[in-house]
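Chemist: structural data only, the sequence is not supplied:
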């Protein structure tokens, strides 16, 4: 395999994998190099993963951005994310099989792992605190989608682009010398959302809905279709996304300050920005997802 197609992970490797906002132990079953979202997505390394203790029906192909090496730094990140969701007692689908003791220590990251992974784990952790009421929203959403088999009705109003415009308008009478940075942050949030939605912000049960909605609105960006529910998921991922950039500390601090302020604003306006009820997926949709 050429360097252009170098895979960070290999078959049978134990990793930590994002499913929604949390990290879970998973095993790489297969590797491939393709797009998970043709024709919109770019080709790249993808992995078929099995989440330990979950039914086989939850196995899924994920992009490299959703997987992390099994090492002490990332295990600490897993614990930190779990602590952020005190209301979720056990965010793992039950399996009818036996629960054998874990061999967690077996698969440690190899010394030959990609340099960027080592650089990432050495960088200081960047915290973007999620307000408690918004954490509760994320926990309820997990229940609605993964347990109750419900969906966010799409397209959403307001969508992410509109939400960011609403936030911008709320600050018009408070312009500062950092107004240019403020505009760049909002533009960056929208760009990140459009790049990350299909790759790392969806639960498995939502992926068929994503395929359907992209076919229905081929000329729209994801930020013009999805709303505050999925925007919150992006904020959970921002610490990891920022850690993988080459931003200097001043830029990181400015970005973090603005992200925290957006979250506080969302916390104050839940009725305007977030769903209170989800829609039940049709039997036909459920059948497609399970097939």
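Modeler: Cool, the structure landed. Values in this document were obtained by computation on a predicted structure and should not be read as measured data.
Chemist: wait, a strand at residue 11?
Modeler: No - counting by DSSP: H, G, I helix; E, B strand; the rest coil, residue 11 falls outside a strand, being coil.
Chemist: would you map the helices across the stretch 51-200 of the chain?
Modeler: 72-83, 115-122, 132-142, 160-170, 179-200 (DSSP state H, counting those that start in this stretch).
Chemist: next, format those helices as CSV and append mean neighbour count, mean pLDDT and distance to residue 261.
Modeler: For the C-beta atoms, the positions are set from N, CA and C on the backbone; glycine is no exception. Output for these, formatted as CSV (neighbours: other C-beta atoms under 10 Å; pLDDT from 0 to 100; distance: least, C-beta to C-beta, whole Å):
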stretch, mean neighbour count, mean pLDDT, distance to residue 261
helix 72-83, 15, 81, 22
helix 115-122, 13, 48, 26
helix 132-142, 18, 91, 13
helix 160-170, 17, 95, 9
helix 179-200, 17, 89, 9
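Chemist: dump those helices to a markdown table, plus distance to residue 222.
Modeler: Converted to a markdown table, those look like this (distance: least, C-beta to C-beta, whole Å):
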| stretch | distance to residue 222 |
| --- | --- |
| helix 72-83 | 23 |
| helix 115-122 | 25 |
| helix 132-142 | 17 |
| helix 160-170 | 8 |
| helix 179-200 | 4 |
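Chemist: looking at the ones you listed, which is closest to residue 10?
Modeler: Ranking the helices of the stretch 51-200 of the chain by proximity to residue 10 (C-beta to C-beta) places helix 115-122 first, at 13.5 Å.
Chemist: quick one: least confident helix or strand in the chain?
Modeler: Of the helices and strands making up the chain, the lowest-confidence element is helix 115-122, at a mean of 48, by mean pLDDT, DSSP states H and E.
Chemist: show me the contacts for the nearest residue to residue 217 once chain neighbours are set aside.
Modeler: Distances taken as C-beta to C-beta, 6 or more residues apart in numbering put residue 225 closest to residue 217, at 5.9 Å, once the chain neighbours are dropped. Counting by C-beta atoms under 8 Å, 6 or more residues apart in numbering, residue 225 makes contact with 154-156, 159, 213, 217.
Chemist: buried only: go through the residues you listed for me.
Modeler: 154, 156, 159, 213 (16 or more other C-beta atoms under 10 Å).
Chemist: need the max-distance pair from the residues you listed.
Modeler: So, the buried ones among the contacts of residue 225 by C-beta to C-beta: farthest apart are 159 and 213, at 11.7 Å.
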